[in-house]
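1. take this sequence and fold it.
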Amino acid sequence: MKIRNVELETVCGITSKIPDNALAEIAFAGKSNVGKSSLINALMNRKALARTSSQPGKTQTINFYNINDAMYLVDLPGYGFAKAPQSERVKWGKMIENYLHKSRQLKAVFLLVDIRHKPSANDKTMYEWIVYQGFRPIIIATKLDKLKRSQVQKSIQEVREGLGLKGEDLLIPFSAVTKQGRDEIWQAMDALVGWEEPQKEQK
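-> Sure thing, here's the model as predicted:
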């Protein structure tokens with residue numbers, strides 16, 4: 001999908017009502033500081049659409065980005081932020097669960113994990129939770145540029161085994177620095193929402 005227009009249309013806090021959107025939605029989940037905001041900025045070809053921070057736990061709302069009036073990219077709060085009070089973490093969890101239950105347009109959930117490390121207990125719990133909600137997560141293994149090329153395949157295998165992925169489950173290595181994996185993510189998203197670029201009229 002060529003980005004012609006993108007805007008942050010809706011921001012939902014803990015007490016907000018989930019919007020009943022007419023367009024297809026694709027959600028992005030991941031633990032705090034896994035690079036979710038950097039990924040969103042890379043997908044949108046924007047430098048600061050989603051706020052990046054070295055401080056984990058920055059995203060505490062569900063953010064709906066309208067893309068080309070064709071679909072929504074939904075940024076879910078980061079999980080596993082140890083410094084957040086337990087009560088806050090419970091609220092964020094309920095907020096995510098509420099969204100997964102109530103969205104009628106959610107087509108898929110992309111789960112971000114750090115390719116440099118074996119999946120954490122929080123990653124595994126989130127993966128299993130998304131599956132329990134009826135979705136088969138697409139895995140994005142972030143921070144690819146931090147690895148040597150010789151380490152990549154071994155790390156991918158560790159992520160697949162750590163999450164218990166099946167052979168047909170999609171895992172896309174991604175780097176916000178080099179943009180490697182960006183096209184593959186868009187291909188998956190376009191297929192999920194049934195998007196085809198309009199054909200130019202022949203003169």
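
2. mind listing the strands for this protein?
-> Assigned strands in the chain, in chain order: 6-12, 24-30, 62-67, 71-75, 106-114, 138-142, 171-173 (criterion: DSSP state E).

3. hmm, who's touching the worst-scoring helix or strand of the chain on mean pLDDT?
-> Least confident helix or strand of the chain, by mean pLDDT, DSSP states H and E, is helix 86-102 with a mean of 79. With C-beta atoms under 8 Å, 6 or more residues apart in numbering as the contact definition, helix 86-102 has outside contacts at 12-14, 18, 27, 29, 60, 62, 74, 76-77, 79, 81, 84, 106, 109, 129-130, 133, 135. C-beta here means a position set from N, CA and C on the backbone, and glycine is covered the same way.

4. one more pass at 7 Å, please.
-> With contacts defined as C-beta atoms under 7 Å, 6 or more residues apart in numbering, helix 86-102 is touched by I14, I18, Q60, I62, L76, P77, Y79, L106, Q133.

5. CA-only coordinates of it in CSV, if you can.
-> This file holds the C-alpha atoms of helix 86-102, laid out as CSV (Å, rounded to 0.1, in the frame of the first residue of the first chain):
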residue,chain,number,x,y,z
GLN,A,86,0.8,-3.9,39.1
SER,A,87,-2.5,-2.1,39.1
GLU,A,88,-1.6,-0.2,35.9
ARG,A,89,-0.4,-3.4,34.2
VAL,A,90,-3.7,-5.1,35.0
LYS,A,91,-5.6,-2.2,33.5
TRP,A,92,-3.5,-2.3,30.3
GLY,A,93,-4.1,-6.0,30.0
LYS,A,94,-7.8,-5.6,30.4
MET,A,95,-7.8,-2.8,27.9
ILE,A,96,-6.1,-5.0,25.3
GLU,A,97,-8.4,-7.9,26.1
ASN,A,98,-11.4,-5.7,25.7
TYR,A,99,-10.2,-4.5,22.3
LEU,A,100,-9.5,-8.1,21.1
HIS,A,101,-13.0,-9.1,22.2
LYS,A,102,-15.0,-6.2,20.9
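
6. any buried residues in it, and which?
-> When neighbours are counted by 16 or more other C-beta atoms under 10 Å, the buried residues of helix 86-102 are found to be R89, K91, W92, M95, I96, N98, Y99, L100.

7. and if you look at stretch 29-49?
-> Buried, per 16+ other C-beta under 10 Å, within stretch 29-49: 29-43, 49.

8. got a list of what the spatially most central residue of the chain touches?
-> Ranked by distance to the mean C-alpha position of the chain (C-alpha atoms, centre = their mean), the top residue is F28 at 2.1 Å. Counting by C-beta under 7 Å, 6+ apart, F28 touches K36, I40, L73, V74, D75, L76, F110, L112.

9. repeat the analysis, applying 8 Å as the threshold.
-> K36, L39, I40, L73, V74, D75, L76, V109, F110, L112.

10. no further queries at this time; thank you.
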